[in-house]
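Asker: Test case, fold it:
(chains A and B)
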Amino acid sequence: MKFRIYRYNPEIDAAPRMQNYELNVEPTGKMLLDALVLLKEQDDSLSLRKSCREGVCGSDAMNINGRNGLACITPLSTLKEPVELRPLPGLPVIRDLIVDMTQFFKQYHSIKPYLINNDPPPETERVQSPAQRAHLNGLYECILCGCCTTACPSFWWNPDKFVGPAGLLQAYRFIADTRDQATSERLDDLEDPYRLFRCHTIMNCVDVCPKELNPTEAIGRIKDLMIKRMV
Amino acid sequence: MVNRTVVGAHYGLRDWLIQRVSAGVMALGTLALAVYVLLHPDMGYDRWTGLFSSQAVRAFALLFLLSLFYHAWVGMRDIVMDYVKPTGIRLVIHVLVILTLLLYTIWSVQIFWGM
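Answerer: The predicted model follows:
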């Protein structure tokens, strides 16, 4: 199989370049990450992040043939050759396919991704009904791989001010949680022309999410709550 | 001035909502005008002036244009937010856009009620 991979080592290279690779591999039943591991045996200077190799850790997010995704759950047989691999767009490149996720996590932390509840902790758990718990489905599954946020043009333009789809999905995850008591503060924090309203429902996030989550819908729900609060 | 990232101007929801509502008004107005023109294939000068001699039509047309202007303001501001970063230049562009749109409003009133 033929590959074209983005190579850039800022300490040595003046500019990024695309490097061609050939790999003798039977694509059936293998994932892209398997091929990358074999390529790394060929050329150990090729750098990428990986860990769980089953779509849970979110480390190996990259731009695969122009589309963000996880290498470990992308079947090799579905890819058109030459397979063009680039780092996630819109973030600084540390080396090859490894990007600096600092800005992404800064936005994630800014929405206070934890339960805020000022009541004294009860003897057992803070209980939810099955119906209340069901509201968190499609929200809590996010693995923070960054595929959605780095596919979002609004994030490319204002990464320091727009929270981005991953962060906003998590913001709604805590707004939707009946055990959380900071709904109003959370809405206040997002009621700004940048933090949430830079979203123009482009929906690249929904298109690329490897966990098939829907940040656009979550953003819409936050807007609904803001309207409900206002009128 | 220290260079900090500042967010939190609380007008995101208001402008987003007004942009939606104004889009609705414009869609309705466009549809109404389209239907009128289709029902009257003989649209000439007399027909147009006849249509706009009604106060209700003038009022709705002004509402349509006001919606357009506010919609344009939000859109222009969004573009400036993406492409013009220095605060001073941005403020000047904002003021120019607002003044232009206000001028258009006065002009529209003049046209509709000066006929």
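
Asker: which residues are in contact with the worst-scoring helix or strand of chain B on mean pLDDT?
Answerer: Every helix and strand of chain B was ranked by mean pLDDT, DSSP states H and E. The lowest is helix B:45-52, at a mean of 91. Residues outside helix B:45-52 that contact it (CB atoms under 8 Å, 6 or more residues apart in numbering or on different chains) are B:Tyr36, B:His40, B:Val57, B:Arg58, B:Ala61, B:Phe112, B:Met115. Bear in mind the C-beta positions are built from the backbone N, C-alpha and C, glycine included.

Asker: nearest residue to the closest residue to chain B within chain A other than its sequence neighbours?
Answerer: Chain B sits closest to A:Phe197 of chain A, with a gap of 3.8 Å, by CB to the nearest CB. Excluding its sequence neighbours, the residue lying closest to A:Phe197 (CB to CB, 6 or more residues apart in numbering or on different chains) is B:Gly12, at 3.8 Å.

Asker: In contact with the one you found, which residues?
Answerer: A:Leu190, A:Glu191, A:Asp192, A:Pro193, A:Tyr194, A:Arg195, A:Leu196, A:Phe197.

Asker: try it again with 6 Å
Answerer: Residues in contact with B:Gly12 (CB atoms under 6 Å, 6 or more residues apart in numbering or on different chains) are A:Glu191, A:Asp192, A:Pro193, A:Phe197.

Asker: shouldn't the residue of chain A closest to chain B be in contact with B:Trp16?
Answerer: Yes. If you go by CB atoms under 6 Å, A:Phe197 and B:Trp16 touch, sitting 5.1 Å apart.

Asker: if you count what's nearby, which of those two comes out ahead?
Answerer: For A:Phe197 versus B:Trp16, neighbours defined as other CB atoms under 10 Å in any protein chain shown are more numerous around A:Phe197 (24 against 20).

Asker: doesn't that one fall inside a strand?
Answerer: No. Counting by DSSP: H, G, I helix; E, B strand; the rest coil, A:Phe197 is not found in a strand; it is coil.

Asker: For it, give me the pLDDT.
Answerer: pLDDT, A:Phe197: 95.

Asker: And it, how close does it get to A:Cys209?
Answerer: Distance of A:Phe197 to A:Cys209, given as CB to CB, to the nearest Å: 21 Å.

Asker: do A:Leu70 as well
Answerer: For A:Leu70, the distance to A:Cys209 (CB to CB) stands at 10 Å.

Asker: Can you name the residue of chain B nearest to chain A?
Answerer: In chain B, the residue that lies nearest chain A is B:Gly12 (3.8 Å; CB to the nearest CB).

Asker: Let me see the contact set for the residue minimising distance to the centre of chain A.
Answerer: By CA atoms, centre = their mean, chain A has its centre lying nearest to A:Gly146, at 2.2 Å. Residues near A:Gly146 by CB under 6 Å, 6+ apart: A:Ala61, A:Leu88, A:Phe104.

Asker: And for the last one, the neighbour number?
Answerer: Neighbourhood size, A:Phe104 [other CB under 10 Å]: 23.

Asker: Specify the local secondary structure of it.
Answerer: When classified by three-state DSSP, A:Phe104 comes out as helix.

Asker: Let me see the confidence value for the residue of chain A most remote from its centre.
Answerer: When distances are taken from the C-alpha mean of chain A, A:Glu123 lies farthest, 36.0 Å away, according to CA atoms, centre = their mean. Here the pLDDT value assigned to A:Glu123 is 92.

Asker: residues of stretch A:120-139 that come out buried?
Answerer: Residues of stretch A:120-139 classed as buried by neighbour count (16 or more other CB atoms under 10 Å in any protein chain shown): A:His135, A:Leu136, A:Gly138, A:Leu139.
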